[in-house]
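Q: A structural model of the following input is requested.
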Amino acid sequence: MFLEEVPRSRKRDILLGTWNVRSLYRAGSLMAAARDIARYKLDLVVVQEVRWDKGDTVRAGDYNFFIWKRK
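A: Now for the predicted structure:
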């Protein structure tokens, strides 16, 4: 099936956000971030300055956090 053959009957807005959290070291701060994302009903969020030692994928609530660490 080609792209132009796909029915486009439904449109949906994608809500984006960015958040400078400064740190997710404190206990419960990752779950607090997930609650805030849910409260604002965001689809994709860039979370900056998490200050973790390594990159990782972490699940919190209904969200996956993909942590990237620059070398």
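
Q: Not counting its neighbours along the chain, what's nearest the residue positioned nearest the centre of the chain?
A: The residue lying closest to the centre of the chain (C-alpha atoms, centre = their mean) is Val45, at 4.0 Å. Excluding its sequence neighbours, the residue lying closest to Val45 (C-beta to C-beta, 6 or more residues apart in numbering) is Gly17, at 4.5 Å. Using the backbone N, CA and C atoms, a C-beta is placed for each residue, glycine as well.

Q: what sits against the one you found?
A: Ile37, Tyr40, Leu42, Leu44, Val45, Val46 (C-beta atoms under 8 Å, 6 or more residues apart in numbering).

Q: for Arg70, same thing?
A: Arg70 touches nothing, counting by C-beta under 8 Å, 6+ apart.

Q: Name the SS class of the residue nearest to Val45, please.
A: What DSSP: H, G, I helix; E, B strand; the rest coil gives for Gly17 is strand.

Q: And it, how far from Arg10?
A: To Arg10, Gly17 is 23 Å away according to C-beta to C-beta, to the nearest Å.
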